[in-house]
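Visitor: I would like the atomic coordinates for the input below:
(one chain, ligands or ions: 1)
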Amino acid sequence: MATDVHRPVTGAPHGGETVSQHPTVVRVDGLTRAFDGRPVIDRLQLDVQAGEFVALLGRSGCGKSTLLRILAGLDRDIEGTVLVPRRKAVAFQAPRLMPWKRVWRNVLLGLPGRPERAVAERALEEVGLSHRSQAWPKTLSGGEAQRASLARALVREPDLLLLDEPFGALDALTRVKAQRLVDELWQRRGCAVLLVTHDVEEAVLLADRVLVMDDGVIAHEQRIDLPRPRDIADPRFAALRTGLLERLGVEAPAAPAAEAA
Ligand SMILES: Nc1ncnc2c1ncn2[C@@H]1O[C@H](COP(=O)(O)OP(=O)(O)OP(=O)(O)O)[C@@H](O)[C@H]1O
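Guide: This is a model prediction of the structure:
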């Protein structure tokens, strides 16, 4: 798997090195990122295995998006070492579609070479959006725009998919559908996923491992060993959710009937 190494801007030049059959798809060592002299990320360590689904939680402003942007290669003003696969893709909360390009052309945006339309169509089919391929972005619903954004990530055939609050702006029902879609895509594609979210339930629903960021580091890590698809009425689900909420300093909501039984 081709790998990008991001080092401090003052250190070795950005480049690539080839690491074959590496089971670790992301390796972050001693990562520090400061804004105006204040470290938001402070000697952070993180490993993500190939094919692993990791969710990242933490209070607002703790540095989750900053970490994701660094992994995406969008911010290289760092200290420490960041090793990520070259094939990676990002989807943000705002789908960021170009309004003057039809959906299928948006899906191909930024791809090297001259990719054929069929490449976009396949990805749109995978996210259930074939029927909107010719549409202009402004005519899409919020959920459709988010699926177009996912299709744009998928055409990159990523080994690492970075998702920054991709469901944050969706209504509850659309959100559940989008979560199911990401779960299916992840199982089918087998890529590693790093999902930044505010939603503890979403993290327990989707992730193999949930990380809680605090004080610039990964302060807590919770493995989620529940079978999939996960049942939020399962008492083990509720216990994991409650434990994580406590870690985040949030009082857990009243237990539903199934939990109390
Ligand atoms: N370009 C920047 N210049 C200065 N400060 C920044 C910049 N980007 C982020 N910060 C600061 O870094 C801290 C972490 O921001 P970040 O967006 O990573 O947090 P977050 O955990 O993703 O927050 P939220 O959950 O609210 O999205 C914040 O205090 C933010 O103000």
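
Visitor: And the next helix or strand past the helix or strand bottoming out on mean pLDDT in the chain?
Guide: Every helix and strand of the chain was ranked by mean pLDDT, DSSP states H and E. The lowest is strand 15-18, at a mean of 38. Remark: after strand 15-18, the chain's next helix or strand is strand 24-35, criterion DSSP states H and E.

Visitor: Nearest residue to the middle of this protein?
Guide: residue 163 (2.5 Å; Cα atoms, centre = their mean).

Visitor: pLDDT wise, what is it at?
Guide: The per-residue pLDDT reported for residue 163 equals 95.

Visitor: Heading C-terminal from the helix or strand encompassing it, find the next helix or strand.
Guide: Here residue 163 sits within strand 160-164, counting by DSSP H and E. Once strand 160-164 ends, the next helix or strand along the chain (criterion: DSSP H and E) is helix 172-189.

Visitor: what packs against the next helix or strand after that following helix?
Guide: Downstream of helix 172-189, the next assigned helix or strand under DSSP H and E is strand 192-196. For strand 192-196, the packing partners by 3 or more Cβ pairs under 8 Å, 6 or more residues apart in numbering; DSSP states H and E come out as strand 24-35, strand 38-49, strand 53-57, helix 64-71, strand 160-164, helix 172-189, helix 200-206. For the C-beta atoms, the positions are set from N, CA and C on the backbone; glycine is no exception.

Visitor: Quick check: the nearest residue to residue 32 once chain neighbours are set aside vs residue 219, distance?
Guide: In this structure, residue 32 finds its nearest non-sequential neighbour in residue 79, 4.2 Å apart by Cβ to Cβ, 6 or more residues apart in numbering. Distance from residue 79 to residue 219, counting by Cβ to Cβ, to the nearest Å: 20 Å.

Visitor: who's more crowded, the two?
Guide: Using other Cβ atoms under 10 Å as the criterion, residue 79 and residue 219 rank with residue 79 on top: 18 against 13.
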